[in-house]
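J.: the sequence and its predicted three-dimensional model are supplied below.
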Amino acid sequence: MAKEKLKEAKRQYGFTLIEMLIVIAVIGILSSVLLTALGPARDKAKDSRIVQEVNQVRNLAETMYSNGSYNSLEEISDGTLINNPSLKALADDITTQGGALRIIKSTPQGAKAYSTYSKLNVQAGAEPNLETQYYCVDSSGRAGFAIEEPLESRCPF
């Protein structure tokens, strides 16, 4: 009779291997559902940061404005080496978030206008016709989202 009580006491205090495996499986299923649901929210958060960084580039560009032009502002395209450390830090952070900073000036000499933009992570439209979305600001004070990549010193909206 003492042996039966001892077996019963041991059974009350522990988990079986099957119970532990079931708990681990349930936690795994719940975490995968949660991570799948958070994917779009993560992209939106990255896009918010890209928008703020592009706005910071506009602020930086306005501090470089002198003698009626933006000559000291660097033009940035694919693979451009960026000399200004503040501009480089902003461009690097935009790249880390999944974007790509671009700056277009009206003319290399005597640049009276510019636009700066980056592609975003969240695409516009509905499946299957999703389009790349861009956030653009320009020297005239316009800022907004576009589905066309800016090709000149004015945002395309």
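T.: Sure, I can see it.
J.: next secondary structure element downstream of the helix ranked longest in the chain?
T.: Among the elements of the chain assigned as helix by DSSP state H, the one spanning the most residues is helix 17-64. As assigned by DSSP states H and E, the chain's next helix or strand after helix 17-64 is helix 85-96.
J.: contacts for that next one, please.
T.: Here helix 85-96 makes contact (C-beta atoms under 8 Å, 6 or more residues apart in numbering) with 49-50, 53-54, 56-57, 60, 74, 76, 82, 100-101, 118. All C-beta spots, glycine's among them, are computed from the backbone N, C-alpha and C.
J.: mind doing that once more with 10 Å?
T.: The contact list for helix 85-96 (C-beta atoms under 10 Å, 6 or more residues apart in numbering) reads 46, 49-57, 59-61, 63-64, 73-74, 76, 80-82, 84, 99-103, 116, 118-119.
J.: between the longest helix of the chain and helix 85-96, how many degrees?
T.: Helix 17-64 runs at 150 degrees relative to helix 85-96, counting by axes from the mean of the first three to the mean of the last three C-alpha atoms, to 10 degrees.
J.: and the contacts of helix 85-96, which of them are buried?
T.: Buried residues within those, counting neighbours by 16 or more other C-beta atoms under 10 Å: 46, 49-51, 53-54, 56-57, 61, 64, 73-74, 76, 82, 99, 101-103, 116, 118-119.
J.: quick check: which element contains Ala126?
T.: Using DSSP H and E, Ala126 sits within no helix or strand.
J.: count the residues that sit near it.
T.: For Ala126, the neighbour count with other C-beta atoms under 10 Å is 7.
J.: now the residue at minimal distance from the centre of the chain, nearest residue through space, not along the chain?
T.: Centroid-nearest residue in the chain: Lys46, 2.6 Å away (criterion: C-alpha atoms, centre = their mean). Distances taken as C-beta to C-beta, 6 or more residues apart in numbering place Gln97 nearest to Lys46, at 4.4 Å, with adjacent residues excluded.
J.: I'd guessed that neighbour sits against Val122; true?
T.: No - using C-beta atoms under 10 Å, Gln97 is not in contact with Val122, being 11.8 Å away.
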